[in-house]
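[1] any chance you could fold what I've pasted below:
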Amino acid sequence: MPRPNRGPYLAFVRDRGRWYIQWSEAGRTRQLSTGTDDSAAAQIALAQFIQERERATRPAGPRDPSQFSIDDALTLYGTEHAPHAADPQRIGYAIAALAPFWAGRAVGDVTRETCRAYARERGKAPGTIRRELATLRAAINYAKDEGRITYAPTVHLPPKPEGKDRWLRRSEAAALLNAARTGHATTRPYLPLFILIALHTGARKGAILELRWPQVDLEAGRIDFNPPGRQRTSKGRAHLPIPRRLLTFLRLARRRGTDLGYVVHRDGARLDNMKRAFNTACSDAGLDDVTPHTLRHTCGTWLAQAGVPLDKIGGWLGHSDARTTQLYAHHHPDFMEDARNAVDRRRA
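    Numbering: from 1, shown residues only. This next block holds a predicted model:
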């Protein structure tokens, strides 16, 4: 019995170091290079390839979800929406994670049980699964909005995990900085600066790695984490006065930079991923359960412990929702003070 045609798919050709699109046509296997070794970029190339093939056979009018493949939904979203999104790379990585499980399934196959099966097969943290399935949901909704399907089935996300309250004490932050400064020669030029910026400003990793010198006004002492032309999203980015200690380190870093270059860089190039360098520094410092986002939470916690009002903490961190800032309320020295005073008066 002949094997069913699985359609175009990605295969990594090791001797060429590239991802290739492969498909069967007239009983023969065809190949087309994506020109990249990055899996997320290859998924986008595959999506564009499938979209071009699909255009020729697309029936007029919206289809029932059972007649529209998830591959097509992800392709449509990845090629038409992602390039104009604030973080297209994040969408690309989510599509790359979603594609293997959902390949060959129709949009109508999305149920609570298949969403649970995806989570089991991925074996990742609930927060990761939630973000990936949110991308699937966005892709399906986009297909409906574009008139490709008659309705959008519900994508069942796992519950939103509670925010971690892991933050660094001053001694832990000092140990991490020391480990970064005495680490590998290739990471010493950028990792300590990244940590300092994150601890002083509370900016997200992506905002720091995208930061260029035109966004830093050393004379006025201001830093704007919103690059020109960036689409504003729910993940706000702040425009801040630069703390004096950080200003000193930024002035030193500026001597090594270029007028339009990245503030945190490796030999002038943008850092896409610094996970290994950061994890090594954490290990050398004896720190567990610490990620770059922990530095952002540490900044907010230190501000709360110093008695800074919650609304100002929210502004400093770029929160768009005041409920997010409430995460720091219990660190504030006045937390529950009114309640305690009321209890004390009642006992008197």
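
[2] next, the contact list for D259, please.
    Under the criterion of CB atoms under 8 Å, 6 or more residues apart in numbering, the neighbours of D259 are W213, P214. Bear in mind the C-beta positions are built from the backbone N, C-alpha and C, glycine included.

[3] and with 7 Å instead?
    With contact taken as CB atoms under 7 Å, 6 or more residues apart in numbering, D259 is in contact with W213.

[4] tell me the pLDDT at it?
    pLDDT, the model's per-residue confidence, is 87 for D259.

[5] same deal with P8?
    At P8, the pLDDT recorded in the model is 86.

[6] apart from its chain neighbours, what residue comes closest to it?
    Using CB to CB, 6 or more residues apart in numbering and skipping residues adjacent in sequence, the residue nearest P8 is W23, 4.1 Å away.

[7] my reading is that the one you found lies in a helix. Confirm?
    No: note on W23: no helix contains this position according to DSSP: H, G, I helix; E, B strand; the rest coil, which reports strand.

[8] just confirm it contacts G7, I think it does.
    Yes: using CB atoms under 7 Å, W23 is in contact with G7, at 6.5 Å.

[9] among those two, which residue is more densely surrounded?
    For W23 versus G7, the count of surrounding residues by other CB atoms under 10 Å is larger for W23: 18 against 14.

[10] who's in contact with the more buried one?
    If a contact means CB under 7 Å, 6+ apart, then W23 has G7, P8, R30 as its contacts.

[11] which one is the last one nearest to, not counting chain neighbours?
    Residue nearest to R30 in three dimensions, not counting chain neighbours: W23, with 5.4 Å by CB to CB, 6+ apart.

[12] distance of that neighbour from F12?
    16 Å (CB to CB, to the nearest Å).

[13] repeat for A82
    Using CB to CB, one obtains 22 Å as the distance from A82 to F12.

[14] those two: who's more crowded?
    Neighbours per residue (other CB under 10 Å) separate A82 from F12, with A82 holding more: 24 against 13.

[15] do you know the pLDDT at the more buried one?
    88.

[16] quick check: it is in a helix.
    Yes: A82: assigned to a helix according to three-state DSSP.

[17] that one and H331, how far apart?
    Between A82 and H331 the distance, using CB to CB, works out to 38 Å.

[18] give the contact list for R131.
    A94.

[19] R212 reaches V264, doesn't it?
    No: using CB under 7 Å, R212 makes no contact with V264, being 10.0 Å away.

[20] just the buried positions in the host helix or strand of T135, please.
    Assigned by DSSP states H and E, T135 falls within helix 126-145. Of the residues in helix 126-145, those buried by neighbour count under the rule 16 or more other CB atoms under 10 Å are 128-133, 135-140, 142-144.

[21] so what does whichever helix or strand comes after it touch, helix or strand wise?
    The C-terminal neighbour of helix 126-145 among helices and strands, as given by DSSP H and E, is helix 170-181. For helix 170-181, the helices and strands in contact under the criterion 3 or more CB pairs under 7 Å, 6 or more residues apart in numbering; DSSP states H and E are helix 191-201, helix 275-284.

[22] average pLDDT across the helix or strand just after the longest one?
    Translated: helix 191-201. Next along the chain after helix 191-201, taking DSSP H and E as the criterion, comes helix 205-210. For helix 205-210, the per-residue pLDDT values average out at 92.

[23] what are the boundaries of the strands in the protein?
    In the chain, strands defined by DSSP state E lie at 9-13, 18-25, 28-33, 216-217, 222-224, 239-241, 265-266, 269-270, listed in chain order.

[24] CA atoms only: put the third one into CSV for me.
    The C-alpha trace of strand 28-33 is given here as CSV (Å, rounded to 0.1, in the frame of the first residue of the first chain):
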residue,chain,number,x,y,z
ARG,A,28,9.7,11.8,-6.9
THR,A,29,11.1,13.6,-3.9
ARG,A,30,11.7,17.3,-4.6
GLN,A,31,14.0,19.6,-2.6
LEU,A,32,14.3,23.4,-2.2
SER,A,33,16.8,25.1,0.1
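
[25] residue nearest the middle of this structure, spatially speaking?
    Closest residue to the average C-alpha location of the chain: R90 at 5.4 Å, with CA atoms, centre = their mean.

[26] circling back to that earlier point, more neighbours, R212 and V264?
    For R212 versus V264, neighbours defined as other CB under 10 Å are more numerous around V264 (25 against 18).

[27] contact partners for the more buried one?
    Counting by CB under 7 Å, 6+ apart, V264 touches Y190, L193, F194, I208, L209, L211, L271.

[28] how does it look with 8 Å?
    With contacts taken as CB under 8 Å, 6+ apart, V264 has the following neighbours: Y190, L193, F194, I197, I208, L209, L211, L271.

[29] repeat for E219
    Contacts for E219 were tallied using CB under 8 Å, 6+ apart; there are none.

[30] what about it, distance to N226?
    E219 sits 19 Å away from N226, going by CB to CB.

[31] before we move on, what about S66?
    Distance check for S66 against N226: by CB to CB, it reads 43 Å.

[32] which of those two has more residues huddled nearby?
    Of the pair S66 and N226, N226 is the one with more neighbours under other CB under 10 Å, namely 16 against 12.
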